[in-house]
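[1] sequence and predicted structure are below.
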Amino acid sequence: MRSAVRAAAYFAAVVALLLLAPELPRRAELAADGVAALAGAAWCGVNFWRCRRAHCLVTAPGRLGLSLVAFAGAGLGRSLIYGDEQLVFLGVLLAALAFECLWYLRKGTNVIVRTTRGTDPRGSPDQ
């Protein structure tokens, strides 16, 4: 139960940052979007390492890239993607969910696992 409360608090903090960002001056807005994206990337990166959910394979690098773009924009004082940081944040989520759906349809699971099909534990091909 405690981990569910922690997860909900983490997500609430990210959503709060995204809601607060448009009310801030431009540099601070971009920095807040960058922090929210970085927090999302960190969560999904750790989650992929822990449980291998397919969508995390898209959200972690996608949001990490978005955070770098947002931080660069904050440094320059202008958005590098025409102010669409939050739309890209949601777009990464949609792309990740679509990827997981396709993965599930193809593999029958939403978990990415390493398979050793075709070799025995010693590395030689199955007979």
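    Arrived safely, thanks for sending. Numbering: from 1, shown residues only.
[2] going by C-alpha atoms from here, please, whenever you check contacts or count neighbours.
    Will do.
[3] any stretches of this structure with poor pLDDT?
    Within the chain, the stretches falling below the threshold (pLDDT under 70) are 1, 115-127.
[4] in this protein, which spans are helices?
    Residue ranges of the helices in the chain, as given by DSSP state H, are 2-20, 26-51, 56-76, 85-107.
[5] I'd assumed S67 was in contact with S79.
    No. The pair S79 and S67 fails to qualify as a contact (C-alpha atoms under 8 Å) at a distance of 11.8 Å.
[6] how far is stretch 77-90 from where the chain is centred?
    On the basis of C-alpha atoms, centre = their mean, to the nearest Å, stretch 77-90 is displaced by 16 Å from the centre of the chain it belongs to.
[7] so which bits of that stretch are buried?
    If you call a residue buried by 16 or more other C-alpha atoms under 10 Å, then stretch 77-90 has these buried ones: 77-80, 83, 85-86, 88-89.
[8] do stretch 38-58 as well
    Residues of stretch 38-58 classed as buried by neighbour count (16+ other C-alpha under 10 Å): 38-45, 48, 52-58.
[9] what of stretch 100-111?
    By 16+ other C-alpha under 10 Å, the buried positions in stretch 100-111 come out as 100-101, 103, 110-111.
[10] what does it contact?
    Applying C-alpha atoms under 8 Å, 6 or more residues apart in numbering, the set of residues contacting stretch 100-111 from outside is 51-55.
[11] for the buried residues of stretch 77-90, which one is nearest A7?
    When those are compared for distance to A7, the smallest value, 18.5 Å, is given by F89; criterion: C-alpha to C-alpha.
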